[in-house]
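>>> I'll drop the sequence and a predicted model, then ask my questions.
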Amino acid sequence: METTSHEFFELFEQLGLPSSEQEIRQFIDQHRPLPGDVKITEAPFWKPEQAQLLRELLLQDADWAVVVDNLNVALH
C-alpha cells in the first residue's frame, strides 16, 4: 500500500486559504490557542464549507488526516 504525504500548504490551498509559509504562520498565530474542548472542525473561524472539508478529510483519507491532525496540534 502506497501512501502520499501532504504538506500544510496543500491543506491551506484545499481550504482556499493563503498558503505561503509566512501566511500559514500568521493564520496559526492569529487563531491559536483553541480551547482544549474545541475540535478543529468546530473552530469558529472556519467557513461552513471549510469545516465540512476538514471533517471529510479526517473521515475519508488517512493521508490528509495526518496533516489535519498536525494543524489541530498547531492550533491548540
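Perfect, I can see it now.
>>> low-scoring stretches of the protein, by residue?
Low-confidence segments of the chain, defined by pLDDT under 70, span residues 1-3.
>>> try 80
Across the chain, the stretches falling below the confidence threshold (pLDDT under 80) are 1-4, 61-62.
>>> can you pull out the helices in this structure?
Assigned helices in the chain, in chain order: 8-14, 21-31, 48-60, 62-75 (criterion: DSSP state H).
>>> show me what contacts the nearest residue to residue 64 once chain neighbours are set aside?
Excluding the flanking residues, the one nearest residue 64 by CB to CB, 6 or more residues apart in numbering is residue 57, at 3.9 Å. The way it works is simple: take the backbone N, C-alpha and C, and place the C-beta from them, glycine included. Applying CB atoms under 8 Å, 6 or more residues apart in numbering, we find residue 57 in contact with 11, 14, 64, 65, 67, 68.
>>> re earlier: closest to residue 38 out of the helices of the chain?
In terms of CB to CB, the element of the helices of the chain nearest to residue 38 is helix 62-75, at 8.9 Å.
>>> quick one: list the elements packing against that closest one.
If contacts are counted by 3 or more CB pairs under 8 Å, 6 or more residues apart in numbering; DSSP states H and E, helix 62-75 sits against helix 8-14, helix 21-31, helix 48-60.
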